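>>> mind looking at a prediction? Sequence and model below.
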Amino acid sequence: MAIISDREILRLKVAMLTRGVHFISDEASGRAGGAGPTLGRYFLLNEDIVINAPVRTQAQIDQFQALEVKPVKVNHYTIRFEDETFPITLIPTPQFYEMKLADGTPMTQIGLLHGKDCLATTIIQHCDYFNQGLECQYCSIPVSLQQGNTILRKSPEQFVQVLNAAQQEGCADHLTLTMGSPDRSDRGAQDYIDFVSTLRQHSEVPVHVQLEPPKSIAQLRALKDAGVDTLGIHLEIYDDALRKQYCPGKFAYASFLDYYTAWKNAVRIFGKGQVSTFILLGLGETPEQLHQGFKTTIEVGVIPVPVPCRPNPGSQIEGHIPDYVDNLDRIVGVFLDCARLLFEHDLDPNIHRAGCIRCTGCTALTEAFQVVKTEVKGKH
Ligand code: SF4
């Protein structure tokens, strides 16, 4: 088996995130719908590199040049990449997935494990943009509800039961809470405040929440006062024409300047490096546009999180092949560019206390940052 350097780890992770994997003679499937990346399985490379790789269907294997994963023994596999073979492990399904709440609700309807230690839930499984015909084109938040895999609204009391069970297994060191966008000026801040206020009566575990820019800075402060540790205010796409095309509702609600202002205010409240924004790769933005966008974001103390876009099954652009397929070097370059800008601005993604950046499964930002650190060390 090959010994793997920081740069090879980065390339392999980016390949797994973008091309995905297919299992040889093994059963494996992912989550079928939701607000985050679906149809993925969580792997560990080199024992602690978490990778949420999409599992390709038979029909997608060639389209995506999916990497071949072969079973060795339970949860242990090898993966083929650029004529070499690397060992990887599958993060096992936690035991709480088999458990129920006191009222009989399956725990999987209330919370799911992301990566190896992040417990996540969509506190309200509804987005008003779907009512308005303005939903993000890659999103399928109603699907898991329609399929009976979740419930519309999770109470903090229900979630605490899942949290206790997950912590007993040692797999809930931090939390991600998300929800669809309600058509209100607070964009869901009050729902998070109520939820986290109750949660804080039971637990001090770090919490990440995600929302559009609320109209008032007071709501950002109230989120912090309620006990939220980190915030995702996700622009998704820097280019206005593409943002309008793929996120029509979010585009109509808030301009880039609205995001920029919210980011600045949020950094004042939550601290440098504790606010992030997802940036979707594969929808047509050029490396130059991404560079300029990353720079503007990082200069205000916000961490951009490049994430290969995975149009969800059931979304409007299901079946769309993102432009990152066939462009591994270019996408690796985008991650390195973002990491170099972070390094130059003394903004280490590893300081982020909770949520997607700490989980690390859906982006290769941490691995790119490690490559940049090693390169800089090598020059001195
Ligand atoms: S804002 Fe967009 S991505 Fe988020 S839940 Fe609504 S439609 Fe889905």
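Nice, I can see it.
>>> and the residue in the stretch 201-350 of the chain that the ligand sits nearest to, how far from residue 373?
Residue nearest to the ligand within the stretch 201-350 of the chain (CB to the nearest ligand atom): residue 250, separated by 5.6 Å. C-betas here are computed from N, CA, C, even on glycine. Applying CB to CB, to the nearest Å, the value for residue 250 to residue 373 is 34 Å.
>>> just how off-centre is the helix or strand harbouring the residue of the stretch 201-350 of the chain closest to the ligand within its chain?
Assigned by DSSP states H and E, residue 250 belongs to helix 248-253. Chain-centre distance of helix 248-253: 21 Å, with CA atoms, centre = their mean, to the nearest Å.
>>> could you list the buried residues of that helix?
248-251, 253 (16 or more other CB atoms under 10 Å).
>>> columns pLDDT on top of the residues you listed, output as a markdown table?
As requested, those are exported to a markdown table (pLDDT from 0 to 100):
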| residue | pLDDT |
| --- | --- |
| 248 | 98 |
| 249 | 98 |
| 250 | 98 |
| 251 | 98 |
| 253 | 98 |
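>>> what is the nearest of those to residue 77?
Nearest to residue 77 out of those is residue 250 (CB to CB; 37.6 Å).
>>> how about the closest one, what does it touch?
129, 136, 181, 212, 236, 243 (CB atoms under 8 Å, 6 or more residues apart in numbering).
>>> now residue 176, what's its secondary structure?
strand (DSSP: H, G, I helix; E, B strand; the rest coil).
>>> how about the nearest residue to it, chain neighbours excluded?
What sits nearest to residue 176 in space, not counting adjacent residues and going by CB to CB, 6 or more residues apart in numbering, is residue 120, at 4.1 Å.
>>> also residue 47?
Closest to residue 47 by CB to CB, 6+ apart is residue 89, at 8.0 Å.
>>> the one you found - how many residues pack around it?
Residue 89 has 17 neighbours, counted by other CB atoms under 10 Å.
>>> so it touches residue 77, yeah?
Yes: at 7.0 Å, residue 89 and residue 77 qualify as touching, with contact defined as CB atoms under 8 Å.
>>> name the residues contacting each of the two.
residue 43.
>>> what does the protein put close to the ligand?
35, 127, 129, 135-136, 139, 141, 180-181, 250 (CB under 6 Å from any ligand atom).
>>> pipe these into a markdown table and attach distance to residue 359 and secondary structure per row.
Listed next are the residues of the chain next to the ligand as a markdown table, based on distance: CB to CB, whole Å; DSSP: H, G, I helix; E, B strand; the rest coil:
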| residue | distance to residue 359 | secondary structure |
| --- | --- | --- |
| 35 | 15 | coil |
| 127 | 22 | coil |
| 129 | 25 | helix |
| 135 | 25 | coil |
| 136 | 21 | coil |
| 139 | 20 | coil |
| 141 | 19 | helix |
| 180 | 20 | coil |
| 181 | 22 | coil |
| 250 | 23 | helix |
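>>> where's the dip in pLDDT among the residues you listed?
pLDDT across the residues of the chain next to the ligand is lowest for residue 35, at 49.
>>> close enough to count as contact, residue 136 and residue 247?
Yes: if you go by CB under 8 Å, residue 136 and residue 247 touch, sitting 4.6 Å apart.
>>> the more surrounded of those two?
residue 136 (30 against 24).
>>> contacting residues for that one?
Contacts of residue 136 (CB under 8 Å, 6+ apart): 129, 236, 246-250, 315.
>>> let's go with 10 Å and repeat that
Each residue near residue 136 by CB atoms under 10 Å, 6 or more residues apart in numbering is listed here: 35, 127, 129-130, 180-181, 234, 236-237, 243, 246-251, 280, 309, 311-312, 315-317.
>>> measure it to residue 289 for me?
In terms of CB to CB, residue 136 sits 19 Å off from residue 289.
>>> okay, now the domains of the chain?
Following automatic domain parsing, the chain resolves into domains at 6-90, 105-379.
>>> and the strands in the stretch 151-300 of the chain?
174-179, 207-210, 230-232, 275-281 (DSSP state E, counting those that start in this stretch).
>>> how about low-confidence regions in the protein?
1-3, 26-39 (pLDDT under 70).
>>> show me where it has helices.
6-19, 61-64, 128-131, 141-146, 156-168, 189-199, 217-226, 240-246, 248-253, 256-270, 287-299, 328-344, 356-359, 365-379 (DSSP state H).
>>> most packed of those?
helix 356-359 (a mean of 25; mean count of other CB atoms under 10 Å).
>>> any idea how many residues pack against residue 346?
Residue 346 has 10 nearby residues by other CB under 10 Å.
>>> with that, I have no additional questions.
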